[in-house]
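Peer 1: structure of the sequence below:
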Amino acid sequence: MSEYKKYTPDQVDNLLSNFLISSWSYSKVAQFARHEKAFEMRYIYNLKGKNSASSVAGSAYHEALDRFFTGIKTDNRLDLASLEIIAFEYIDEFPAPFWKIQKTTPTIEECKAKALKTVNALLKNFFGDIGTYIDEIKEVIDVEVYCDEWLTINGVDIPMPCHLKIDLVFQSIHDKLIIVDHKSKTSFTDEQEAKLSIGEQAITYVKGYESKSGLDIDEIWFIENKIAQNKDGSNQLLPIKIKVDKDTRRLYEALLYEPLKRMLAAVQDPDYIYLINQSDNYEDKSDIYEFWAKTMIAEVEDFPIEESKREMVSKRLKRIRDISVGLINPKVIRDFQKNASQFIQYDLSNKDMTPEQKIEHVLRSFNIIVNVAYKFDGYSSNTYLLEVSAGVKITSVHSHRLDIANALDVAAVRISKDLVVHNGKSYVSIEFSKKRERTLLFDPAELVDMKIPLGKDNYENTIYWDLDNHSTTNALVCGSIGSGKSVLVRNSIEYGKQAGIEDIYIIDPKFEFGEYENDYNANIRVVSDILEIEETVAMLVDKMNENIRNGVKRKVLVFLDEFADAIAASRKGVELDIREEVQVGNYAPKKGMFGMMMEGAPKMQMKKTGELKSLEQNIQILLQKGRSSGFRIMAATQRASVKIINGDTKVNFPVQICFRVPKEADSRVVLDEAGAETLAGMGDGLIKSPEYNETTRFQAFYKPVEVTV
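Peer 2: Here you go, the predicted model:
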């Protein structure tokens with residue numbers, strides 16, 4: 001056992017303070033051996049390189065197989081279609097800035113297309129040769145195992161924990177414990193050569209898993225999946241099986257120890273010079289040279305370095321900067337950094353361009369001539385209005401949405417479905433999220449009559465929910481946790497009070513609005529118990545019907561927070577039956593005291609005499625009939641599901657508001673269009689209303705909750 005396993009946390013912190021990195025892995029050792037400068041960039045300065053379509057496809061393939069073998073372990077085996085959905089979602093959600101643009105895939109769309117085609121072939125190969133696995137598996141032991149272990153390699157205790165992830169561990173039908181690592185390949189590796197070349201990775205996995213589990217590994221399999229179909233019809237999966245005996249362990253540990261020792265010596269020396277490998281075709285040379293130039297003039301704050309290593313890296317950067325500036329004019333370094341990609345590979349992220357110039361340039365590279373006419377700085381996003389040249393198809397701008405995001409180094413951009421009219425002229429609108437630098441505070445002065453202020457758009461126009469407009473009677477609000485949904489509801493309550501609305505009801509099944517229960521300055525009723533909620537909504541229906549019969553129009557504001565949860569918890573079916581004791585006949589006549597026949601006593605029985613309306617039915621009645629009698633409803637929910645927000649529900653909500661949601665499909669459920677999945681959260685929202693020509697992005701007002709003691 002490694003002596004470092006006995007260290008206390010303080011001793012470990014003190015030990016690791018001597019190194020520029022906090023853990024080692026096979027991939028780090030291999031990266032250091034192949035290309036030291038790429039190792040420095042990726043693991044010391046935490047600058048992640050971009051991923052090719054093939055690399056992303058390989059990761060998606062691993063994600064699908066992890067789910068497949070987890071399913072086997074839990075008796076829920078997935079089919080090919082299910083795995084394809086998992087892999088396709090992984091590719092679809094891969095962030096735009098991290099796609100590697102190449103000659104064969106010059107756009108992100110083409111990168112995605114290639115990745116989808118590749119992973120589709122990999123999964124079909126897997127299912128075609130699935131017997132390679134299934135016929136050998138007796139029991140799945142572990143799937144996607146993460147290890148952080150102190151290891152002894154070649155008899156030496158390594159003074160740094162080893163971090164690794166193992167794809168699969170299973171017990172075979174021959175009672176052997178086997179580790180499996182999946183690899184996607186364009187051509188098979190020679191089996192004899194592979195057994196030697198992959199030994200370092202094999203022994204790392206074996207030692208790491210044995211240390212974590214306490215079990216002994218008998219074999220390790222590297223199963224290669226060849227993307228292109230074999231012309232001879234042979235299997236697309238090639239298992240390279242390595243028996244882990246004593247001699248094999250000694251050989252592989254000796255092979256691993258040499259580069260591992262060199263890497264540890266380097267990361268312990270703040271003055272070590274990491275060399276550039278000009279022959280490494282796996283790394284983007286523009287990234288390497290841009291990083292090399294950056295280290296000569298940058299500060300430690302310019303890199304995403306973990307806190308525990310900042311001091312060491314800061315000292316290293318200062319020495320590099322002092323030496324480089326003493327030998328080379330800083331302007332020359334900056335110019336080299338700015339233009340490094342010009343002679344290798346063009347990358348807009350390395351260019352000293354404004355966002356407007358990047359948008360124009362990336363679209364012109366696809367023969368789409370545009371001019372950014374206006375820029376508007378919003379609270380959580382910026383808006384750019386594009387003037388499109390005559391003859392250019394507007395749809396072509398939409399088709400390069402991810403390329404624009406890649407040029408701007410953001411995860412996604414939102415392009416308006418319709419044109420935006422500004423100063424009497426039409427433009428294509430492009431928006432993208434940013435780190436919010438200012439807060440839009442609740443302002444009582446924003447209230448105008450019965451127009452409830454919701455927030456401001458990027459043009460500084462106030463967005464309203466007009467309670468006097470019969471076209472905007474009810475509002476639906478959706479958003480995940482932390483998106484700003486509850487804050488919007490709370491602000492609307494405050495503005496409703498300020499507008500003089502006397503009857504305000506808050507349906508609060510999650511107890512989020514308790515501060516209004518003792519608000520004696522306003523006629524507000526808060527109900528949270530589910531039975532009380534049902535009774536209150538039924539009472540509101542009766543009140544509404546009475547107002548309609550008497551011709552009374554009185555503003556009543558109803559807030560249904562998390563209405564989906566309330567409906568789910570409410571009574572249904574037989575629970576709504578009204579049962580009463582009714583007479584169903586008489587018992588047989590009996591002789592009285594003087595022999596006279598007396599009528600039999602009534603026979604009583606509990607029977608259903610009616611049925612209460614469900615909470616969902618009463619809410620629907622309020623939504624449908626409340627418009628003419630002054631009832632206005634704002635309903636909020638976290639769940640953007642078609643079961644909750646169906647067509648019958650949405651038709652009664654002319655105002656639809658969506659804050660950040662996890663997936664594009666969620667956005668489409670609420671707004672019938674994508675976009676809410678790209679929002680920044682914290683009040684960054686989209687609103688669809690008859691009062692606005694298109695779906696409008698806005699920042700909601702924020703009013704801190706006042707806590708009284």
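Peer 1: next SSE downstream of the helix or strand containing residue 633?
Peer 2: Of the helices and strands defined by DSSP states H and E, residue 633 is found in strand 631-637. Counting by DSSP H and E, the next helix or strand C-terminal to strand 631-637 is helix 647-650.
Peer 1: after that following helix, next one along is what?
Peer 2: strand 655-658.
Peer 1: name the helices or strands packed onto the helix or strand following that following strand?
Peer 2: For strand 655-658, the following helix or strand on the C-terminal side (DSSP H and E) is helix 664-671. On a contact count with 3 or more CB pairs under 8 Å, 6 or more residues apart in numbering; DSSP states H and E, helix 664-671 meets strand 475-478, strand 655-658, strand 684-688. For glycine as for every other residue, the C-beta is placed from the backbone atoms N, C-alpha and C.
Peer 1: ok, now with 10 Å
Peer 2: Judged by 3 or more CB pairs under 10 Å, 6 or more residues apart in numbering; DSSP states H and E, the packing partners of helix 664-671 are strand 475-478, helix 647-650, strand 655-658, strand 684-688.
Peer 1: quick check: buried residues in it?
Peer 2: Going by neighbour count (16 or more other CB atoms under 10 Å), the buried part of helix 664-671 is 664, 666-671.
Peer 1: cool, and stretch 677-695?
Peer 2: Of the residues in stretch 677-695, 677-689, 691, 695 count as buried by neighbour count, 16+ other CB under 10 Å.
Peer 1: verify the contact between residue 411 and residue 93 for me.
Peer 2: Yes. The criterion here is CB atoms under 10 Å, and residue 411 meets it with residue 93 at 9.5 Å.
Peer 1: more neighbours: which of those two?
Peer 2: The residue with more neighbours, out of residue 411 and residue 93, is residue 411; 18 against 13, by other CB atoms under 10 Å.
Peer 1: how about the more buried one, nearest residue that isn't a chain neighbour?
Peer 2: residue 95 (4.8 Å; CB to CB, 6 or more residues apart in numbering).
Peer 1: can you check residue 217 too?
Peer 2: Per CB to CB, 6+ apart, closest to residue 217 is residue 206, 4.8 Å.
Peer 1: max-length strand in this protein?
Peer 2: strand 137-149 (DSSP state E).
Peer 1: pLDDT of that one, averaged?
Peer 2: Strand 137-149 shows a mean pLDDT of 93.
Peer 1: that strand pairs with which strands, parallel or anti?
Peer 2: Partners of strand 137-149 in the sheet, by DSSP bridges, are strand 162-172 (antiparallel).
Peer 1: residue 452 sits in which helix or strand?
Peer 2: Here residue 452, judged by DSSP H and E, is contained in strand 451-457.
Peer 1: same question but for residue 200, I mixed them up
Peer 2: Residue-wise, residue 200 maps onto helix 199-213 under DSSP H and E.
Peer 1: what do you get for residue 358?
Peer 2: Under the criterion of DSSP H and E, residue 358 resides in helix 355-364.
Peer 1: which outside residues touch the next helix or strand after that helix?
Peer 2: As assigned by DSSP H and E, the chain's next helix or strand after helix 355-364 is strand 370-377. Outside of strand 370-377, the residues within contact range by CB atoms under 10 Å, 6 or more residues apart in numbering are 354-360, 362-364, 382-389, 392, 397, 420, 422-423, 425, 427-431, 434, 437-438, 457-460.
Peer 1: the nearest residue to residue 444 once chain neighbours are set aside and residue 54: what is the separation?
Peer 2: Spatially, and ignoring its direct neighbours in sequence, residue 444 is nearest to residue 498 (5.9 Å; CB to CB, 6+ apart). Distance of residue 498 to residue 54, given as CB to CB, to the nearest Å: 59 Å.
Peer 1: between these two, which is the more surrounded one?
Peer 2: A direct count of neighbours by other CB under 10 Å for residue 498 and residue 54 places residue 54 higher, at 19 against 14.
Peer 1: thank you kindly, that will do.
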